[in-house]
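In: A structural model of the following input is requested.
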Amino acid sequence: MHELTLSPEEIVEITGYSRYTHQQRQLRCHGIPFTTDGRNRPIVLRRNLAPGLTELPKVDEYVATEPDYDAINGPTTKRSKRQAPASTGNKKQI
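Out: Numbers count the residues shown, from 1 in each chain. This next block holds a predicted model:
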């Protein structure tokens, strides 16, 4: 039955997780395309895997502990457009 797709046991073996959400996170992290069935189980085509692949590294090896704000907002080297008010010598004193 699983000639074109991986069996659920093979997906557990490759991802190292039995929960469907964790399996999906692993597959997304490694760029392996998949779809889900009615029970939210990932369905992976055999042709989308490298030959001889038996296990994926854990997600934590690829996820940074802090966000890269420069990647989100761009570099923060620009100066503010607001300028300090120029001081003038003609101010009235009260």
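
In: where along the chain do the helices fall?
Out: Using DSSP state H, the helices of the chain run over residues 8-15, 20-29, 69-73.

In: need those helices in TSV (columns: distance to T36 and mean neighbour count).
Out: Using the backbone N, CA and C atoms, a C-beta is placed for each residue, glycine as well. Listed next are the helices of the chain as TSV, based on distance: least, C-beta to C-beta, whole Å; neighbours: other C-beta atoms under 10 Å:
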stretch	distance to T36	mean neighbour count
helix 8-15	12	17
helix 20-29	7	17
helix 69-73	28	9
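
In: dump these to TSV, plus distance to R39.
Out: Below are these laid out as TSV (distance: least, C-beta to C-beta, whole Å):
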stretch	distance to R39
helix 8-15	10
helix 20-29	8
helix 69-73	35
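
In: include mean pLDDT and distance to G38 when you put the ones you listed into JSON lines, please.
Out: Listed next are those as JSON lines, based on pLDDT from 0 to 100; distance: least, C-beta to C-beta, whole Å:
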{"stretch": "helix 8-15", "mean pLDDT": "92", "distance to G38": "14"}
{"stretch": "helix 20-29", "mean pLDDT": "91", "distance to G38": "12"}
{"stretch": "helix 69-73", "mean pLDDT": "74", "distance to G38": "35"}
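
In: and the worst-scoring helix or strand of the chain on mean pLDDT, what does it pack onto?
Out: Among the helices and strands of the chain, helix 69-73 carries the lowest confidence by mean pLDDT, DSSP states H and E, at a mean of 74. If you count contacts as 3 or more C-beta pairs under 8 Å, 6 or more residues apart in numbering; DSSP states H and E, helix 69-73 packs onto no helix or strand.

In: what's the spacing between L53 and R46?
Out: Using C-beta to C-beta, to the nearest Å, L53 is found at 10 Å from R46.

In: oh sorry, the question was meant for T54
Out: In terms of C-beta to C-beta, T54 sits 14 Å off from R46.
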